[in-house]
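> 3D model of this:
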Amino acid sequence: MARTLADLPPLPGDVRKWRILLLVSAANSLTQRVQTYLSDIGCERVSTELALTDESMIGAVLAHAPHVVVCPFLTKKVPDVIWDNVLTLIVHPGPPGDAGPAAIDWAIMGDRGLNADSAAALPDLVAPTDRSKPLPERQRTHWGITVLQADNTMDGGPVWAFDQFPLADVARATKSSIYQGPVTGATLRAVHVALTRISKEYDALPDPTHRGTRVAVKVDPKWAVECVSSGKPFLGGPLNERPQIRPGQRRPDLTLHNAADVARIINCGDSQPGGTLKTTKSFMFVYDAKIHVSAATLPSNLAKTLGYVSFNDIPAGKALARRDGAVLFKTAPCGHHDCQFGCGVAVWFTHGRLPKAAAASALSAKVPMAEALIAAGEDGKLEGVPEWTETDFQEVPGTYQQVFVRTLKEDDRLIQLVYWDFYNGAMSTTGCEHLVRALRWATHAERGNVKVLALMGGSYFSNGVALNIIESADHPGRETWANINAIDDVVELIAGDVSSQPRSDCMTGVPSLTERGIVTVSCVRGNAAAGGVALAAAADVVVSAGSVVFNPAYRAMGLHGSEFHLYSYVQRSGRNVATHLVKDMLPLSAIRCRELGLVDVVVGGRDTPAKESETLMVDFLRNFAAAPAVAIGSGSYPSAPWTRTFPGSTSLQSTNSLVDVLVDNKRRRYESPNHTPLVNYRHEELSQMLLDSFHPHRSQRYHSRRIKFVRKVKATGTPTRLNHHHHHVNRDEEELASFDDAPGWARGEEWSWVGMQTPPSMATSENLRIDFGADVPPLLARPASPASSSDSEPSHEIHTDPGSSGEDTINVASPGSPLVLDSPSKVAPATPPASTTVVNSKVKRPGLLGRIFRSRSDLRSVSRKQDIPPMPAYRRPDVPNEGDTESPCLFNVTSDLPREAHSNRPVVTSH
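Below is the predicted model:
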């Protein structure tokens with residue numbers, strides 16, 4: 001049986017003390033997984049540098065003096081002077097012997113390595129395949145990653161560790177799903193083992209402090225042959241060096257390829273650079289291909305709507321239908337009678353992008369496929385193509401559904417599992433509206449006795465608003481405002497306030513889920529960021545896969561954010577910790593989020609496969625729905641603070657169900673006189689989002705940052721929050737309290753910019769905001785236990801430092817019984833793992849991490865004292881100006897949005 005990360009020997013104690021430098025091309029998901037793993041196991045001297053230039057990389061090494069350099073995601077060569085002086089590890093997304101900049105792309109396209117000549121092999125890969133053949137005859141069965149030592153050969157240095165994993169059917173996987181799943185898990189295992197091996201080799205040196213001898217340590221040749229999880233050699237076939245695949249070589253022919261072949265060729269380029277389709281003028285990039293398996297699941301009147309007698313009469317390559325911006329194209333038949341091999345009859349393309357106008361141009365935005373076709377001058381392909389609307393949201397296997405529902409039954413109670421498939425986790429305005437409809441459908445009384453609503457998300461849980469859609473809009477400020485309101489509607493529905501105060505329009509006259517007796521559970525199976533984290537945190541219970549990375553902050557994009565995070569973060573974690581969540585702008589593992597209170601339950605390890613994590617979540621949901629009331633407060637079923645028993649509650653005596661007692665506790669808290677209506681939090685957050693969207697200073701900053709993000713403009717430096725090896729006298733602007741300044745703004749006037757009256761709650765709700773200028777105590781981390789390196793290790797129990805003088809007694813979790821607070825004045829610690837107790841323990845003065853946080857606070861104080869040029873005075877425009885980011889937009893969003901261009905298209909419905 002293959003070993004997981006939890007099965008590996010613990011990382012040696014000396015490695016935790018090393019200075020480790022991460023050199024990366026981007027702080028992508030793989031980089032963040034390595035960062036959070038090293039942090040959680042106690043490596044406190046880890047710093048990150050973006051590999052922008054040779055000079056910046058060399059400067060980082062000189063400043064940090066690392067024991068080892070690790071490059072989890074690097075697309076350029078490390079300067080010779082670095083690897084010649086410091087042992088440098090490169091993570092290559094391929095097994096030993098398979099090299100090149102697109103090794104994983106070749107594997108996903110179906111390359112089995114049988115032809116060493118790349119030029120001759122590629123046409124065979126693009127050719128149609130026979131899916132009736134066994135999978136090993138169509139693609140590799142395994143793929144892997146290698147941790148090698150940098151030297152003068154690109155991806156060819158000595159191998160310190162490698163690992164491998166089974167490769168899924170490449171027609172039903174994407175590069176990003178493989179990269180974020182098994183590639184990342186294998187990387188954590190291999191990096192862990194490589195660091196362990198390096199430590200042992202260093203210990204054997206006569207002088208382990210000598211730089212030259214450390215670089216020259218020898219590797220064991222068997223490490224390139226025996227993978228770390230099973231000790232077996234690579235099982236995926238012959239290996240070669242492969243070149244980059246050009247756009248024109250990722251281009252299927254819809255009249256030649258079946259749907260599975262089309263998906264395979266397109267998805268090997270997800271999310272960059274994408275597959276391509278030929279257009280009249282040139283070509284366009286296409287993303288996220290989904291196989292439609294059978295013609296039997298198409299609307300019965302579809303062919304006639306398109307002007308054909310039957311489906312077989314429709315020519316291959318013809319657009320068949322549109323759904324939520326995606327476009328369905330008929331593909332070539334596979335040739336199998338009554339096909340049972342999943343070849344498919346059509347393919348959905350969900351997103352597209354125009355190629356750059358010139359080599360030096362920035363990338364264009366990725367937009368829904370229908371919009372991309374129109375932008376490419378291919379609108380003729382959509383003429384007469386109907387919108388395929390769904391009459392319900394029950395799952396229909398074998399097609400594309402942006403949102404669908406699965407139903408589980410426990411005794412007489414229903415658990416509704418709502419899945420969504422928003423590309424790259426971006427929740428657009430229309431996507432959020434679609435999700436609200438699905439949530440209402442899933443919980444409607446017609447479904448039955450629904451007691452648990454589980455938010456299952458997709459390969460990403462959610463990354464908040466859709467920045468690409470906003471960037472492509474005619475009026476990005478307007479679209480930002482519409483999008484943030486739409487996602488707020490989703491969260492308000494989940495939160496389920498019962499306050500008698502006026503609610504938002506989406507909840508007016510509608511019984512909330514709390515009033516309906518329904519508990520909400522966020523099942524976070526994929527990474528979450530910004531508003532996606534707040535969306536998850538609003539649920540009554542948050543269950544996360546151990547592999548997930550959370551990014552709770554918005555500020556780096558120039559946004560205050562909304563999604564009721566001022567309520568959920570503060571309620572779950574306390575105000576001081578909540579301030580750190582949005583102020584520090586650092587990625588957090590699921591385990592760290594459990595300690596901080598954002599997550600209640602973690603299932604699986606950091607490298608547990610996604611399907612296995614989902615199974616564990618479903619098991620939890622079934623047990624949760626069947627749990628008795630007496631289980632409340634137990635380590636097995638932790639939940640959000642607003643669902644916990646409070647003094648005077650009698651719900652425990654009045655019900656036999658844990659679900660019912662949680663809902664009753666929540667309702668009682670919402671009905672208490674001390675409860676602030678949740679809509680007040682929404683208005684306070686939206687007030688700041690109006691400034692970000694339309695205020696001349698703050699909107700210009702947000703719009704410019706969004707443009708750089710969407711169009712992949714090269715960074716000019718490493719964010720100071722990631723870069724600990726330089727002494728930063730001047731922090732990045734988003735780390736300063738002055739980042740929130742809005743020169744000339746009078747509180748409340750911002751609502752008039754969108755034709756709305758200032759909400760009455762704005763007169764008293766300013767205290768709900770998180771004060772980024774507040775001097776909050778740093779987050780401290782106690783030394784990690786050396787006994788384990790797995791996800792079961794408590795890593796660091798996170799607390800807020802109670803003061804700066806002497807030693808303080810704080811709550812520290814250790815095995816035993818449930819958590820109890822010493823004093824209500826202390827910040828509530830995070831919900832501990834199952835079966836934990838609290839003992840009083842003396843905690844020493846802050847270690848290096850605490851000193852870093854404290855020094856940052858000092859530096860902020862220094863920065864605030866510096867002379868900063870004043871911003872130009874705020875000036876209201878004389879006339880409405882919707883396109884100029886230098887001025888607010890004066891319009892009414894609810895009445896001034898344009899009608900959908902496709903409103904007059906013919907409509908077909910599911911049969």
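
> which parts of the stretch 201-350 of the chain are strands?
Applying DSSP state E, counting those that start in this stretch to the stretch 201-350 of the chain gives strands spanning 275-278, 283-292, 319-323, 326-330, 346-353.

> looking at these, which is nearest to residue 137?
strand 283-292 (19.8 Å; C-beta to C-beta). The C-beta positions use only the backbone N, C-alpha and C, and glycine is treated the same way.

> give the contact list for residue 557.
Under the criterion of C-beta atoms under 8 Å, 6 or more residues apart in numbering, the contact list for residue 557 reads 467, 530, 702, 705-706, 709.

> got TSV for those residues, with distance to residue 715, secondary structure and pLDDT too?
Shown next, in TSV, are the contacts of residue 557 (distance: C-beta to C-beta, whole Å; DSSP: H, G, I helix; E, B strand; the rest coil; pLDDT from 0 to 100):
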residue	distance to residue 715	secondary structure	pLDDT
467	16	helix	97
530	18	coil	97
702	17	helix	96
705	11	helix	96
706	14	helix	96
709	10	helix	94
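
> narrow those residues to those that are buried.
467, 530, 702, 705-706 (16 or more other C-beta atoms under 10 Å).

> so which of the strands of the stretch 201-350 of the chain is the most packed in?
Comparing the strands of the stretch 201-350 of the chain by mean neighbour count (mean count of other C-beta atoms under 10 Å), strand 346-353 comes out on top with a mean of 26.

> and that strand with strand 326-330, angle?
140 degrees (axes from the mean of the first three to the mean of the last three C-alpha atoms, to 10 degrees).

> what angle separates strand 346-353 from strand 283-292?
140 degrees.

> starting at the chain centroid, how far to strand 346-353?
22 Å (C-alpha atoms, centre = their mean, to the nearest Å).

> summarise which helices and strands it is packed against.
If contacts are counted by 3 or more C-beta pairs under 8 Å, 6 or more residues apart in numbering; DSSP states H and E, strand 346-353 sits against helix 259-267, strand 283-292, strand 326-330, strand 367-368, helix 369-375.

> between those, which gets nearest to residue 132?
Taking the helices and strands packed on strand 346-353 one by one with C-beta to C-beta, helix 259-267 is closest: 11.5 Å.

> and the closest one, what other elements does it pack with?
helix 103-109, strand 275-278, strand 283-292, strand 346-353.

> ok, residue 291 touching residue 257?
No - with contacts counted by C-beta atoms under 8 Å, residue 291 stays clear of residue 257, the gap being 11.5 Å.

> pull up the per-residue confidence for residue 65.
In this model, residue 65 is scored at 93, pLDDT.

> that one and residue 19 touch, don't they?
Yes - using C-beta under 8 Å, residue 65 is in contact with residue 19, at 6.2 Å.

> neighbour count winner among those two?
When neighbours are counted by other C-beta atoms under 10 Å, residue 65 and residue 19 differ, and residue 19 comes out ahead with 17 against 11.

> got a list of what the more buried one touches?
Per C-beta under 8 Å, 6+ apart, neighbours of residue 19: 45, 47, 64-67.

> re the thing from before, ok, so of the contacts of residue 557, who is nearest residue 211?
The closest of the contacts of residue 557, once distances to residue 211 are taken by C-beta to C-beta, is residue 709, at 38.5 Å.

> tell me which element residue 91 is part of?
Assigned by DSSP states H and E, residue 91 belongs to strand 88-92.

> was I right about residue 477 contacting residue 698?
No - in this structure, residue 477 is not within contact of residue 698 by C-beta under 8 Å, at 10.8 Å.

> adding distance to residue 86, write the contacts of residue 557 out as TSV.
Formatted as TSV, the contacts of residue 557 follow (distance: C-beta to C-beta, whole Å):
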residue	distance to residue 86
467	37
530	35
702	39
705	33
706	37
709	32
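
> just give me the closest of those to residue 106.
Distances from residue 106 to the contacts of residue 557, taken by C-beta to C-beta, are shortest for residue 709, at 28.8 Å.

> for the closest one, which non-adjacent residue is closest in space?
Nearest residue to residue 709, sequence neighbours excluded (C-beta to C-beta, 6 or more residues apart in numbering): residue 467, at 6.2 Å.

> shaky segments in the protein?
1, 647-655, 780-911 (pLDDT under 70).

> the domain parsing of it - what is it?
5-224, 247-389, 403-627, 680-774+855-896, 779-847 (automatic domain parsing).

> distance to residue 646 added to those, as JSON lines?
What follows is these, written out as JSON lines (distance: least, C-beta to C-beta, whole Å):
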{"stretch": "domain 5-224", "distance to residue 646": "33"}
{"stretch": "domain 247-389", "distance to residue 646": "42"}
{"stretch": "domain 403-627", "distance to residue 646": "13"}
{"stretch": "domain 680-774+855-896", "distance to residue 646": "20"}
{"stretch": "domain 779-847", "distance to residue 646": "12"}
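
> right, and these - which one's nearest residue 660?
domain 403-627 (6.7 Å).

> of the helices and strands packed on helix 259-267, which is nearest residue 306?
Nearest to residue 306, of the helices and strands packed on helix 259-267 and by C-beta to C-beta, is strand 346-353 at 12.3 Å.

> list the strands paired with that closest one, with their directions.
Paired with strand 346-353 in the same sheet, following DSSP bridges, are strand 283-292 (antiparallel), strand 326-330 (antiparallel), strand 367-368 (antiparallel).

> what secondary structure does residue 522 sit in?
strand (DSSP: H, G, I helix; E, B strand; the rest coil).

> show me the contacts for it.
With C-beta under 8 Å, 6+ apart, residue 522 has these contacts: 454-455, 457, 461, 535-539, 541-543.

> repeat for residue 459
Residue 459 touches 176-177, 180, 421, 425, 525-526, 610, counting by C-beta under 8 Å, 6+ apart.

> for the stretch 551-700 of the chain, what spans make up the strands?
With DSSP E, counting those that start in this stretch as the criterion, the stretch 551-700 of the chain has strands spanning 588-589, 601-603.

> centre of the chain versus the longest one, how much separation?
Translated: strand 601-603. 17 Å.

> just stretch 692-704 next, same as before
25 Å.

> again, but for stretch 770-780
25 Å.

> can you check stretch 523-538 too?
Worked out by C-alpha atoms, centre = their mean, stretch 523-538 lies 8 Å from the chain centre.

> what about that stretch, how long is it end to end?
12 Å (C-alpha to C-alpha, to the nearest Å).

> now do the buried residues in stretch 686-702.
Neighbour-count burial for stretch 686-702 [16+ other C-beta under 10 Å]: 686-699, 701-702.

> quick check, nearest of those to residue 775?
Nearest member of the buried residues of stretch 686-702 to residue 775, counting by C-beta to C-beta, is residue 688, at 21.3 Å.

> how far away is the closest one from residue 327?
Relative to residue 327, residue 688 is positioned 37 Å away (C-beta to C-beta, to the nearest Å).

> could you dump stretch 145-157 to PDB, C-alpha only?
What follows is stretch 145-157, C-alpha atoms only, in PDB (Å, rounded to 0.1, in the frame of the first residue of the first chain):
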ATOM      1  CA  ILE A 145       7.100  14.600  -9.900                       C
ATOM      2  CA  THR A 146      10.800  14.900  -9.300                       C
ATOM      3  CA  VAL A 147      12.700  16.900  -6.700                       C
ATOM      4  CA  LEU A 148      16.200  17.400  -8.200                       C
ATOM      5  CA  GLN A 149      19.200  19.500  -7.400                       C
ATOM      6  CA  ALA A 150      19.900  22.400  -9.700                       C
ATOM      7  CA  ASP A 151      23.000  22.300 -11.800                       C
ATOM      8  CA  ASN A 152      24.100  23.400 -15.300                       C
ATOM      9  CA  THR A 153      21.500  21.100 -17.000                       C
ATOM     10  CA  MET A 154      17.900  22.300 -17.000                       C
ATOM     11  CA  ASP A 155      15.700  19.700 -15.200                       C
ATOM     12  CA  GLY A 156      18.600  17.300 -15.300                       C
ATOM     13  CA  GLY A 157      20.400  17.500 -11.900                       C
END
